[in-house]
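**Student:** output the structure for:
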Amino acid sequence: MSDVEDLKGRWIATSIAILTLAGCGTTKTVTVTTPPKPAAPVASDQDQAKAAVADFLLESVHPSAKLCDVVSQRTIEQRTGLTGDAALAKCRENADKAGQAGRSGNSLPRGLQVTDVTITGTTGTVRATAPGQGGGTFRVVKESGRWKVDSTAP
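**Tutor:** Just a heads-up that it's a prediction; the model follows:
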């Protein structure tokens, strides 16, 4: 039995018990609750790594502070020359300035696909290709439970 079926079964049993008890005595109050929502399926590491590269590519074309959320801390520190929170703050400041200045780079190529994910532990690679334009391989690292693009990975 799946978790969803189990939750539905519990909800139905609880509802029947409440309705049955509601018929006892002089009170005729009926309480019905909404069944709990099943937990969202957890994406695989491969899917999360692909999403990180796709987000990185989109943010590279239209920069905002969100760019710094999909790049590893090591990469941010390497690029800013700062460490810790100061590096992250500088990254966000620079990305916002680039976006506001209209430095949005080129548009993403038509037919761009993020594919070919290889994960080994907390590091991996993701390939992005576009028809007629070749492609590139992005290194990724899992940091605090999230996959991020990492230019410093070996």
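**Student:** state the mean pLDDT of the top strand by length along the chain.
**Tutor:** Ranked by residue count and defined by DSSP state E, the top strand of the chain is strand 134-143. Throughout strand 134-143, pLDDT has a mean value of 94.
**Student:** number of residues surrounding residue 149?
**Tutor:** 23 (other Cβ atoms under 10 Å). C-beta here means a position set from N, CA and C on the backbone, and glycine is covered the same way.
**Student:** okay, and the beta partners of it?
**Tutor:** Beta-bridge partners for residue 149, by DSSP bridges, are residue 71, residue 140.
**Student:** just checking, it touches residue 73?
**Tutor:** No. Look at residue 149 against residue 73 with Cβ atoms under 8 Å: they stay out of range, at 11.6 Å.
**Student:** wait, a strand at residue 151?
**Tutor:** No. Using DSSP: H, G, I helix; E, B strand; the rest coil, the secondary structure at residue 151 is coil, not a strand.
**Student:** name the nearest residue to it, ignoring sequence neighbours.
**Tutor:** Sequence neighbours aside, residue 75 is the residue nearest to residue 151 in space, at 4.8 Å (criterion: Cβ to Cβ, 6 or more residues apart in numbering).
**Student:** pLDDT score for residue 62?
**Tutor:** Looking at residue 62, its pLDDT stands at 83.
**Student:** then residue 12?
**Tutor:** For residue 12, the model assigns a pLDDT of 42.
**Student:** outline the domain layout of this structure.
**Tutor:** For the chain, automatic domain parsing gives the domain ranges 1-41, 45-149.
**Student:** that older thread, where does the residue nearest to residue 151 fall, phi/psi-wise?
**Tutor:** Backbone torsions of residue 75, given as degrees, to the nearest 10, read phi -70, psi -40.
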